[in-house]
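In: got a predicted structure plus its sequence, pasted below:
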Amino acid sequence: MATIGGNMICLIDCRVDNVLSNNYLELNLWGKPCFAYVIDSVISARVFSDIIIITESKRIINYCQNMYPKICIFSTIQRNLLQEDYFCISGRAPLISAKTIKKAFRKFSNKTIISSRSEAIVDFNREDISNYTGVEERTFNAFIISKGGMKQHSDVMLYNVPSIEAVVINSNNDFELALVLKRKQNNRLILDNAIKNEINKKNKTFSEISKQKSVCLIGHSQIAQWKLQSIFGYEVRNCGISGISSFEYNKYLLETKKLKCDDDICIVMHGTNDIVLDYTLDKIVTSIENTIEYIRNESPKSVIFFLSCMHVNGRLDRNNAKIDELNRQLKKHLKNVVKWIDTCFMDNQFGLLDEKYTLDGLHLNELGYDVLRERLEFEMRKMNL
């Protein structure tokens, strides 16, 4: 057996289910068979004493012997394995991450843990069936964590899997959904590399110290894509990075002291890329507070303008209600240390980012940046800057 770490065995169930319309285990999912993603996540979690693949498929056996030579392969789940605490995961759950496996593992005590996902509850007694009354947790066959020797799972706890990971391929529709979601996960890896590349290209900008009156722009793509050379007589140093969250900005630029802050004014915008990640609003607020604290420590005399998180228009990846709540919390925590600029002046009559200011419901066009610049210059004039 392959000893990885921890004190629990992991059984990866790669047995072919003949009831299904297809052998989804062996289908190619963006370059790898479905089950290989599961094995990679289990290995990366590094919480199991042993990893065992359960399969009778000669193709799966051949693949695993070549790609994972140190992992044992059994044709059936042997009874003695079930006498130990075990984590059994389906080979048809290719979106489950190492992070989720690790978190579920740490939740385990004496209760059986079964994977669950949130599903809408619809009240068909109501006249409008488009409305639903909320969500409930429903089990699905991604994984189960059980106490060794347990014959019945009477004491059960549900573990809610993040929505982007909560797919087990039991049908053609599931496979097509997995293709879309796996592509989204892969795009995140591509974005991470793009962020690091853009940081490398801007190394000189981060360390520049202007001899003239200057403004430092800090934030994500709405800042990075702003082609602004000067504002209100101040030279502009654009230190924004497209696609970056405040967490990554802190990690790559602030914790490493890569960003020099000696400017008269700092204009900061963070939040819209934070809310699409798996963080609570409290953690997002703390992360952005850390950014402001860094600027204040590096340049105590700088005036800090904070642009509230802009509303979006017609975007599936971001939610204006969540943006509103984040802005409320940020304003509460930052109001005494920054000059808060509410970006609602960019909205239309419905409280959405106005179509005439945006390229895609999120990023600004030239007119949008002109309006933003005018508002900032108005605020600078009020402060006699």
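Out: Arrived safely, thanks for sending.

In: CA atoms for contacts and neighbours, from now on please.
Out: Fine.

In: what does stretch 320-335 contact?
Out: When contacts are defined by C-alpha atoms under 8 Å, 6 or more residues apart in numbering, stretch 320-335 is touched by residues 271-272, 275, 281, 285, 289, 308-312, 340, 352.

In: okay, now Trp340: neighbour count?
Out: 18 (other C-alpha atoms under 10 Å).

In: need the contact list for it.
Out: By C-alpha under 8 Å, 6+ apart, Trp340 lies in contact with 305-308, 331, 334.

In: run the chain-centre distance for whatever helix or strand it lives in.
Out: Here Trp340 is covered by strand 339-341, with elements defined by DSSP states H and E. Distance of strand 339-341 from its chain centroid, counting by C-alpha atoms, centre = their mean, to the nearest Å, is 27 Å.

In: so where's this structure uncertain?
Out: Low-confidence segments of the chain, defined by pLDDT under 70, span residues 1-6, 21, 126-132, 149-154.

In: could you redo the last one with a cut-off of 80?
Out: Within the chain, the segments meeting pLDDT under 80 span 1-7, 17-22, 77-84, 120-134, 148-154, 210, 278.

In: give me the element Ile12 is part of.
Out: Using DSSP H and E, Ile12 sits in strand 9-13.

In: helix/strand/coil for Ala142?
Out: Look at Ala142: counting by DSSP: H, G, I helix; E, B strand; the rest coil, its state is strand.

In: narrow the contacts of Trp340 to those in strands?
Out: Using DSSP state E, 305-307 are the members of the contacts of Trp340 that sit in strands.

In: could I get those as JSON lines with neighbour count?
Out: Putting these into JSON lines (neighbours: other C-alpha atoms under 10 Å) gives the following:
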{"residue": "Phe305", "neighbour count": "21"}
{"residue": "Phe306", "neighbour count": "24"}
{"residue": "Leu307", "neighbour count": "21"}
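
In: is it fair to say Ser210 lies in a helix?
Out: No: note on Ser210: no helix contains this position according to three-state DSSP, which reports coil.

In: could you measure from it over to Lys322?
Out: 38 Å (C-alpha to C-alpha, to the nearest Å).

In: go on, Arg237?
Out: According to C-alpha to C-alpha, Arg237 and Lys322 sit 30 Å apart.

In: between these two, which one's more packed in?
Out: Neighbours of Arg237 and Lys322, each counted by other C-alpha under 10 Å, are more numerous for Arg237; the result is 21 against 14.

In: buried stuff in the helix or strand that contains Asn66?
Out: When elements are defined using DSSP H and E, Asn66 is found to belong to helix 58-67. For helix 58-67, the neighbour count (16 or more other C-alpha atoms under 10 Å) marks 60-61, 64 as buried.

In: any buried residues in the helix or strand just after that helix, and which?
Out: Along the chain past helix 58-67, the next helix or strand (assigned with DSSP H and E) turns out to be strand 72-74. For strand 72-74, a neighbour-count test (16+ other C-alpha under 10 Å) marks 72-73 as buried.

In: just to revisit the earlier point, neighbouring strands - and their directions - for the strand holding Trp340?
Out: strand 303-307 (parallel) (DSSP bridges).

In: could I get the buried residue list for stretch 193-204?
Out: For stretch 193-204, the buried set under the neighbour-count rule, 16+ other C-alpha under 10 Å, comprises 194-195, 199.

In: about what we covered before: what does the helix holding Asn66 rub up against?
Out: Residues external to helix 58-67 that are found in contact with it (C-alpha under 8 Å, 6+ apart): 14, 26, 55, 71, 73.

In: quick check: the two most widely separated of these?
Out: With distances taken as C-alpha to C-alpha, the most widely separated pair in the contacts of helix 58-67 is Glu26 and Ile71, at 18.4 Å.

In: now the helices: where do they sit in the stretch 151-300 of the chain?
Out: Applying DSSP state H, counting those that start in this stretch to the stretch 151-300 of the chain gives helices spanning 172-201, 203-207, 221-224, 246-249, 281-298.

In: need the residues that contact the second one.
Out: Here helix 203-207 makes contact (C-alpha under 8 Å, 6+ apart) with 237-239, 258-260.

In: what does the third one give?
Out: Under the criterion C-alpha under 8 Å, 6+ apart, residues 217, 238-244, 269, 363-364 lie in contact with helix 221-224.

In: and the helices in the stretch 1-150 of the chain?
Out: Ranges of helices within the stretch 1-150 of the chain are 34-45, 58-67, 98-107, based on DSSP H, counting those that start in this stretch.

In: now the last one against helix 34-45, angle please.
Out: If I follow you right, that is helix 98-107. Using axes from the mean of the first three to the mean of the last three C-alpha atoms, to 10 degrees, the direction of helix 98-107 lies 60 degrees away from that of helix 34-45.

In: off-centre distance for helix 98-107?
Out: Helix 98-107 has its C-alpha centroid displaced from the chain centroid by 16 Å (C-alpha atoms, centre = their mean).

In: next one: the first one
Out: In terms of C-alpha atoms, centre = their mean, the centre of helix 34-45 is found 19 Å from the chain centre.

In: name the helices or strands packed onto it?
Out: Helix 34-45 sits against strand 9-13, helix 98-107, with contacts defined as 3 or more C-alpha pairs under 8 Å, 6 or more residues apart in numbering; DSSP states H and E.
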